[in-house]
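Colleague: The amino acid sequence is not available; the structure is as follows:
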């Protein structure tokens with residue numbers, strides 16, 4: 001077929017131009033597919049498919065992700081399901097864990113492999129919404145002839161990665177359509193919908209991980225759930241990726257202890273508790289600011305180190 005041959009030749013030409021790969025995420029993905037994964041665009045290949053046992057194990061490993069995403073998948077599919085779209089939730093390897101699709105479209109989507117238990121990584125089927133979003137760890141649109149394999153140029157995909165409570169890649173959510181009339185404007189709308197859904201799933205995962213903590217919203221201009229989990233003493237327990245980027249947080253700094261009030265440049269909220277609790281919280285904040293150095297904390301408080309040690313012992317602070 002001329003269209004297939006033309007697409008394959010175009011992919012090869014671009015993939016071997018390092019300058020094109022440096023300036024275009026799609027070209028960079030095509031280059032990875034050729035040089036890293038050893039794929040050929042003219043190959044007639046379907047996505048890898050897991051055995052029933054492998055799929056069950058993958059589904060179990062991502063049980064928390066699935067549990068927090070199913071309601072969002074159902075809500076989103078209720079909006080886009082009649083538009084000839086297929087909705088997939090994958091793990092961080094591109095394994096399709098959950099699928100939503102209209103029965104009338106099932107044959108078409110099954111033929112291209114958009115089905116539970118298939119693997120949509122770049123290594124499996126080249127450049128595609130899911131695999132490229134996972135490889136680049138960012139939301140992507142891969143429309144028609146931007147796909148690597150010539151057999152997939154009828155697809156348009158909008159995908160967003162999903163991150164867990166520590167900001168690590170947990171999976172992806174994808175909307176795909178085989179419709180010929182899927183314009184750039186339409187796919188852009190689908191992309192916004194899928195990014196919003198990913199943000200809500202990330203927020204669900206974060207709140208589940210820190211169910212007993214106070215959740216604080218970090219003011220931000222750009223999209224993304226910028227959330228902090230804070231304990232009763234105003235120390236940060238966890239932060240989403242967006243909050244980490246906004247506030248310069250990482251696992252080491254969180255583990256060392258940092259007051260939320262310092263990060264947000266505001267006075268810590270009163271907890272309305274008893275005086276010992278308030279004093280304990282205040283001491284923990286000062287100790288955190290002094291990186292655990294008791295002498296420095298005592299100086300900040302204007303008291304002797306011996307007095308601070310007595311207070312710490314009375315309040316069971318180690």
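Modeller: Looks like it arrived, so ask away. The model shown is predicted, which means the values in this text are computed figures rather than measured ones. Residues are numbered from 1 along each chain as shown.

Colleague: how about stretch 80-87: buried residues?
Modeller: Under the neighbour-count criterion of 16 or more other CB atoms under 10 Å, stretch 80-87 has 80, 81, 84, 85, 86, 87 buried. Bear in mind the C-beta positions are built from the backbone N, C-alpha and C, glycine included.

Colleague: can you name the two of those that are farthest apart?
Modeller: 84 and 87 (11.7 Å; CB to CB).

Colleague: quick one: the strands in this structure?
Modeller: 48-49, 85-91, 96-100, 118-119, 140-143, 156-163, 169-177, 214-217, 227-230, 236-239 (DSSP state E).

Colleague: can you put those strands in JSON lines and add mean pLDDT?
Modeller: Formatted as JSON lines, those follow (pLDDT from 0 to 100):
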{"stretch": "strand 48-49", "mean pLDDT": "97"}
{"stretch": "strand 85-91", "mean pLDDT": "97"}
{"stretch": "strand 96-100", "mean pLDDT": "98"}
{"stretch": "strand 118-119", "mean pLDDT": "98"}
{"stretch": "strand 140-143", "mean pLDDT": "97"}
{"stretch": "strand 156-163", "mean pLDDT": "98"}
{"stretch": "strand 169-177", "mean pLDDT": "97"}
{"stretch": "strand 214-217", "mean pLDDT": "94"}
{"stretch": "strand 227-230", "mean pLDDT": "96"}
{"stretch": "strand 236-239", "mean pLDDT": "96"}
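
Colleague: do you know which of the ones you listed lies nearest residue 206?
Modeller: Using CB to CB, these put strand 227-230 closest to residue 206, at 5.3 Å.

Colleague: who does the closest one pair up with?
Modeller: Strands that pair with strand 227-230, judged by DSSP bridges, come out as strand 214-217 (antiparallel), strand 236-239 (antiparallel).

Colleague: where in this protein is pLDDT low?
Modeller: Along the chain, segments meeting pLDDT under 70 span 1-2, 222-223, 266-276, 278, 318.

Colleague: try 50 this time
Modeller: 271-273 (pLDDT under 50).

Colleague: Domain ranges for it, per the record?
Modeller: 2-207, 214-314 (automatic domain parsing).

Colleague: Distance from the chain centre to the shortest one, please.
Modeller: If you compare the mean C-alpha spot of domain 214-314 with that of the full chain, they lie 26 Å apart, counting by CA atoms, centre = their mean, to the nearest Å.

Colleague: That domain spans what distance, first to last residue?
Modeller: In domain 214-314, first residue to last residue: 26 Å (CA to CA, to the nearest Å).
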